[in-house]
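Peer 1: turn this into a model:
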Amino acid sequence: MKIKFSNDYATFRAKITRRFCGNALLSILIVIVLYVLLWRQRGGNLIAYFLMHFFGVDRETANMIYFYYFRSYREVFFAAAITFVFAFLLLRLFRWMTKYFKEIDQGIDALQVDDSKAIRLSPEMLPFESKLNAVKQTLERQKAETALAEQRKNELVMYLAHDIRTPLTSVIGYLSLLHEDPDMPAPQRVKHVRITLEKAYRLEKMINEFFEITRYNLQQIKLIKESIDLSYMLIQLSDELSPVFSQRGLSIKLEIDEDLTVCADADQLARVFSNILKNAAAYSYLNTEIRISTEKVRGHVFVIFQNKGNTIPAEKLSSLFDKFYRLDESRASDTGGTGLGLAIAKEIILLHGGTIHASSENDTVTFTVQLPAADSENIYPSSSFSQETNN
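Peer 2: The predicted model follows:
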């Protein structure tokens with residue numbers, strides 16, 4: 001690090017050294033000239049000439065003045081001359097150094113200018129120029145990130161307002177009907193109460209998901225890892241979600257290794273796979289097959305979900321795991337999801353040290369989850385979720 005620092009500033013240091021040495025040599029040269037002229041009396045004729053022509057004295061008087069006032073106090077004049085020369089040259093050197101400070105000051109001012117122009121300094125100040133430009137780029141990047149964060153905050157407020165308002169409006173509407181008509185027939189009253197309760201549950205689920213994604217982002221989730229039989233988990237989830245699949249005539253095809261384990265939090269990992277399967281069920285063609293396969297490569301386990309559905313454009317694939325993103329924007333919020341399922345799945349996989357990505361081509365959508373295999377992790381005793389995770 002010290003060697004790099006020395007190399008970066010070698011040009012700047014060399015130019016300052018040359019300038020300082022040049023001024024020192026010039027000072028010495030001027031002092032020598034003054035010494036020869038004054039100390040060796042070779043300047044006497046010049047002084048006498050100056051007195052005769054500008055003050056009108058005769059030569060004899062001029063020579064006496066030189067002898068008694070200049071020659072007799074030559075040490076004083078010589079010291080004053082040396083002081084003046086060094087002061088003048090130091091002032092000149094300081095003014096030259098001030099130019100660099102002005103350039104740096106202008107560079108700092110340029111950091112506050114909202115443009116893409118690079119900061120330019122003298123060639124020998126390239127290290128300062130590079131650092132100022134790096135700071136400028138960092139500030140521009142932070143400004144862009146701040147603007148993006150502000151935009152996402154506004155979008156969050158918009159989504160919250162839109163998604164919560166729909167079920168809340170229904171709850172208020174049905175409760176108003178019940179309040180305004182106390183003599184409502186029992187069957188109709190039961191129907192309204194049932195719908196109101198469903199909407200209230202829907203609203204509760206949405207609010208819980210909003211809080212959940214915030215907790216994942218703040219990494220307030222504590223994972224309780226254990227060795228999990230992956231094949232058993234996938235078979236169990238497929239059975240549990242069979243009513244969801246049957247509504248659209250979907251079937252599950254499992255191509256998984258029976259002896260495959262991962263080190264993970266069972267509840268959280270089940271939530272990931274459940275969210276992926278529910279997403280596949282929502283966007284699959286009717287009466288098609290959802291294929292689940294696994295493989296193990298170099299200490300990593302891959303779980304692959306494939307379903308038949310509309311090919312997702314490349315520009316939308318990168319947004320699938322964004323918060324509140326719905327592939328089908330026309331899907332009503334009271335019938336579709338909150339758009340947090342895949343975002344939560346991604347956060348859970350990242351907490352496990354894995355990855356998740358999606359691809360789509362030829363009417364086939366593929367989600368691939370990569371997790372560390374159980375033999376590449378420290379296995380902890382099986383235990384239930386901590387209180388913080390369940391809340």
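
Peer 1: what's near enough to touch the closest residue to T196 other than its chain neighbours?
Peer 2: Of all residues not flanking T196 in the chain, Y174 sits nearest, at 4.2 Å (CB to CB, 6 or more residues apart in numbering). To be clear about C-beta, it is placed using only N, CA and C from the backbone, and glycine gets the same treatment. Contacts for Y174 were tallied using CB atoms under 8 Å, 6 or more residues apart in numbering; they are H192, V193, I195, T196, K199.

Peer 1: please read off the pLDDT at Y174 from the model.
Peer 2: Looking at Y174, its pLDDT reads 84.

Peer 1: what element comes up after whichever strand or helix holds it heading to the C-terminus?
Peer 2: In this assignment (DSSP states H and E), Y174 forms part of helix 126-180. The element immediately downstream of helix 126-180 (helix or strand, assigned by DSSP H and E) is helix 186-217.

Peer 1: just checking: what are the partner strands of the helix or strand following that following helix?
Peer 2: Going down the chain from helix 186-217, the next helix or strand is strand 226-229, by DSSP H and E. Sheet neighbours of strand 226-229, with direction, are listed as strand 261-264 (antiparallel) (DSSP bridges).

Peer 1: report the contact partners of R189.
Peer 2: Taking CB under 8 Å, 6+ apart, one finds L178 in contact with R189.

Peer 1: so where do the helices sit in the stretch 201-350 of the chain?
Peer 2: With DSSP state H, counting those that start in this stretch as the criterion, the stretch 201-350 of the chain has helices at 230-240, 242-246, 266-283, 314-317, 341-351.

Peer 1: can you redo those helices as TSV with mean pLDDT, distance to F67 and mean neighbour count?
Peer 2: Below are those laid out as TSV (pLDDT from 0 to 100; distance: least, CB to CB, whole Å; neighbours: other CB atoms under 10 Å):
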stretch	mean pLDDT	distance to F67	mean neighbour count
helix 230-240	89	111	17
helix 242-246	86	119	13
helix 266-283	89	104	20
helix 314-317	78	97	11
helix 341-351	84	95	21
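
Peer 1: okay if I get the ones you listed as JSON lines plus distance to M158?
Peer 2: Listed next are the helices of the stretch 201-350 of the chain as JSON lines, based on distance: least, CB to CB, whole Å:
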{"stretch": "helix 230-240", "distance to M158": "33"}
{"stretch": "helix 242-246", "distance to M158": "29"}
{"stretch": "helix 266-283", "distance to M158": "23"}
{"stretch": "helix 314-317", "distance to M158": "20"}
{"stretch": "helix 341-351", "distance to M158": "16"}
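
Peer 1: which of the ones you listed sits closest to P187?
Peer 2: Nearest of those to P187, taken as CB to CB: helix 242-246 at 26.4 Å.

Peer 1: state the helix or strand in which the residue lying farthest from the centre of the chain lies.
Peer 2: In the chain, counting by CA atoms, centre = their mean, E60 sits farthest out from the average C-alpha position, at 86.3 Å. Following DSSP H and E, one finds E60 within helix 59-65.

Peer 1: break this protein into its domains for me.
Peer 2: 2-112, 148-217, 226-390 (automatic domain parsing).

Peer 1: then V369 would be within a strand, right?
Peer 2: Yes: when DSSP: H, G, I helix; E, B strand; the rest coil is applied, V369 is found to be in a strand.

Peer 1: in the sheet, who's paired with the closest residue to it other than its chain neighbours?
Peer 2: Spatial nearest neighbour of V369, chain neighbours left out: V303 (4.5 Å); criterion: CB to CB, 6+ apart. V303 forms beta bridges with T294, V369, as assigned by DSSP bridges.

Peer 1: which intervals of the stretch 101-250 of the chain have sub-threshold pLDDT?
Peer 2: 152-153, 155-157, 159-160, 162-163, 209, 212-221 (pLDDT under 70).

Peer 1: how many residues are close by A79?
Peer 2: 11 (other CB atoms under 10 Å).

Peer 1: could you say which helix or strand holds it?
Peer 2: helix 74-111.

Peer 1: does anything pack onto that helix? Which helices or strands?
Peer 2: If you count contacts as 3 or more CB pairs under 8 Å, 6 or more residues apart in numbering; DSSP states H and E, helix 74-111 packs onto helix 10-34, helix 126-180.

Peer 1: nearest approach to G107 belongs to which of these?
Peer 2: helix 126-180 (4.4 Å).

Peer 1: distance from the chain centre to the helix holding Y174, please.
Peer 2: 16 Å (CA atoms, centre = their mean, to the nearest Å).

Peer 1: that helix vs helix 10-34, what angle?
Peer 2: For helix 126-180 against helix 10-34, the angle by axes from the mean of the first three to the mean of the last three CA atoms, to 10 degrees is 140 degrees.

Peer 1: kindly state the pLDDT recorded for V365?
Peer 2: 91.

Peer 1: ok, it touching K316?
Peer 2: No: in this structure, V365 is not within contact of K316 by CB atoms under 8 Å, at 11.1 Å.

Peer 1: K15: how many residues sit nearby?
Peer 2: 15.

Peer 1: need the contact list for it.
Peer 2: So K15 contacts E124 (CB under 8 Å, 6+ apart).

Peer 1: ok, now with 10 Å
Peer 2: Taking CB atoms under 10 Å, 6 or more residues apart in numbering, we find K15 in contact with Y100, S122, P123, E124, M125.

Peer 1: which of those are buried, as a ChimeraX select command?
Peer 2: Of the contacts of K15, the buried ones can be selected in ChimeraX as follows, counting by 16 or more other CB atoms under 10 Å:
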select :100,124,125
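
Peer 1: returning to that earlier point: of the contacts of Y174, closest to Q137?
Peer 2: Nearest to Q137 among the contacts of Y174, with distances taken as CB to CB, is K199, at 49.7 Å.

Peer 1: what's the neighbour count on the closest one?
Peer 2: K199 has 21 nearby residues by other CB under 10 Å.

Peer 1: done for today, thanks.
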